[in-house]
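> this one's structure only:
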């Protein structure tokens, strides 16, 4: 019975990898970059809205890059200080004086209203200010995080892509920092897993049903935001970027998501604990706080990522080449599909066979996310803990 179970698991894992490799939107390819674009006849106006809570550590490397945007049209930066205790607002004003460029407004909305996450409450305040402060409201909103640095032509290229393809939402997944050992093991896999869940090619189809965005960099047509009712309609969302994209898509908007070339995260994750908190704070929310979905996810991760090396080793140890071959081929497909992401992040190919170990870490992070939720500490971030939407 044990041998039969091992064989079934090995063949099921191999079948899963054949499906993922060939039929899951070519998720493993990293060539989905901004679509072809030309400069518009008239450059639309843009308000850049930056929610920030205790971001004094990273702001000197990110905010100047926004102020220095080389944009031919009218643009402004609005930094929304979300109850910071580290002088984020004062530092932003100082950086604006030291780095002249786009005009900067620093504002604070106060504590979030009941039923709102802090980030979305800050975005609501910033968007409202952008729409009422100037004589005419901006044509586009660039929603970007306080730890995201942009190359000088980033805004220009985003707007050109949106206007050329008539897109309501253009989002780029910022290139996360990869420096230390744990960042090398965990960060590329984070983007790889995200693309596996939300294949970019599926999202970018004109008739797409799959929707997702990367919250660090979202260019959103103002009319589309109003039509979709965001951020109010997603005010309780912990995974706000995916919820935003779904709201825009449901309202008839066209969305696009790809990997960044001019947008980088400057936030360091030097130890495993930092990365653990980044993943676990929202993992169970991604599963809609459903124990059955958690169980299915754990079983799926085990089958897809842990069975291949286990089957290979078990097959070799017990003299069953068919089991070893199925496990080895599944592991080879896994590593092969991971290589493009490692190249995108400039990491050595030797890390590809270690993906099962990283997947085990993600499995444990997901379980820990559920445990923290039931202990009343789920979705905790920078001193705030958010209830599941039905309890908010």
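That came through, no problem. Worth saying up front: this structure is predicted, and the values here are computed from it rather than measured. Numbers count the residues shown, from 1 in each chain.

> Do me a favour and get the backbone dihedrals for the closest residue to residue 185 other than its chain neighbours.
Leaving aside its chain neighbours, residue 185 sits nearest to residue 358 (5.4 Å; criterion: C-beta to C-beta, 6 or more residues apart in numbering). Using the backbone N, CA and C atoms, a C-beta is placed for each residue, glycine as well. When read as degrees, to the nearest 10, the backbone of residue 358 gives phi -60, psi -40.

> Make residue 1 into 57 and carry on from there
Yep, numbering from 57; the last one is residue 414 now.

> Might you report the residue contacts of residue 181?
Contact partners of residue 181, counting by C-beta atoms under 8 Å, 6 or more residues apart in numbering, are 136, 163-165.

> Which of the residues you listed are buried, as a ChimeraX select command?
The ChimeraX command for the buried members of these (criterion: 16 or more other C-beta atoms under 10 Å) is given here:
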select :136,164,165
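
> Same list, the contacts of residue 181, but as TSV with distance to residue 89, secondary structure and pLDDT please.
As requested, the contacts of residue 181 are exported to TSV (distance: C-beta to C-beta, whole Å; DSSP: H, G, I helix; E, B strand; the rest coil; pLDDT from 0 to 100):
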residue	distance to residue 89	secondary structure	pLDDT
136	29	strand	98
163	34	strand	97
164	36	coil	96
165	35	coil	94
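
> The contacts of residue 181 into TSV, with extra columns for distance to residue 147?
Converted to TSV, the contacts of residue 181 look like this (distance: C-beta to C-beta, whole Å):
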residue	distance to residue 147
136	14
163	15
164	14
165	18
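
> nearest to residue 339, of the contacts of residue 181?
residue 136 (26.5 Å; C-beta to C-beta).

> Strands of the chain, start to end?
Assigned by DSSP state E, the chain shows strands spanning 102-108, 131-137, 160-163, 196-200, 204-206, 225-231, 273-277, 311-321, 436-437, 440-441.

> Check which helices and strands the third one sits against.
In terms of contacts (3 or more C-beta pairs under 8 Å, 6 or more residues apart in numbering; DSSP states H and E), strand 160-163 is packed against strand 131-137, helix 144-154, helix 174-188.

> run the last query once more with 6 Å
For strand 160-163, the elements it packs on are strand 131-137, helix 144-154, judged by 3 or more C-beta pairs under 6 Å, 6 or more residues apart in numbering; DSSP states H and E.

> circling back: can you count the residues close to the residue nearest to residue 241?
22 (other C-beta atoms under 10 Å).

> Also residue 409?
Neighbours of residue 409 (other C-beta under 10 Å): 14.

> which residue packs closest to it, ignoring adjacent ones?
residue 391 (5.1 Å).

> what's the answer for residue 366, then?
residue 383 (7.0 Å).

> hang on, isn't the one you found packed against residue 361?
No. At 11.7 Å, residue 383 does not count as touching residue 361 under the criterion of C-beta atoms under 6 Å.

> Average pLDDT for stretch 343-351, rounded please.
Mean pLDDT, stretch 343-351: 94.

> related to what we said a few turns ago, can you pull the pLDDT of the residue nearest to residue 409?
98.

> That one against residue 408, yeah?
Yes. The pair residue 391 / residue 408 is scored as a contact, 3.9 Å apart, by C-beta under 6 Å.

> picking up where we left off before, measure the residue nearest to residue 241 to residue 369 for me?
18 Å (C-beta to C-beta, to the nearest Å).

> Which pLDDT does the model give residue 431?
87.

> What's the local residue count around it?
8.

> Which residues does stretch 421-430 contact?
332, 335-336, 339-340, 350, 434 (C-beta atoms under 6 Å, 6 or more residues apart in numbering).

> actually stretch 151-168, not the one I wrote
119-120, 123-125, 131-137, 145, 148-149, 174, 177-178, 181.

> Now do the contacts for residue 96.
Contacts of residue 96 (C-beta under 6 Å, 6+ apart): residue 219.

> Against residue 217, how distant is it?
Residue 96 is 11 Å from residue 217, by C-beta to C-beta.

> Next: residue 373.
On the measure of C-beta to C-beta, residue 373 and residue 217 end up 53 Å apart.

> Comparing the two, which residue is more hemmed in?
Ranked by neighbour count (other C-beta under 10 Å), residue 373 and residue 217 place residue 217 first, with 21 against 9.
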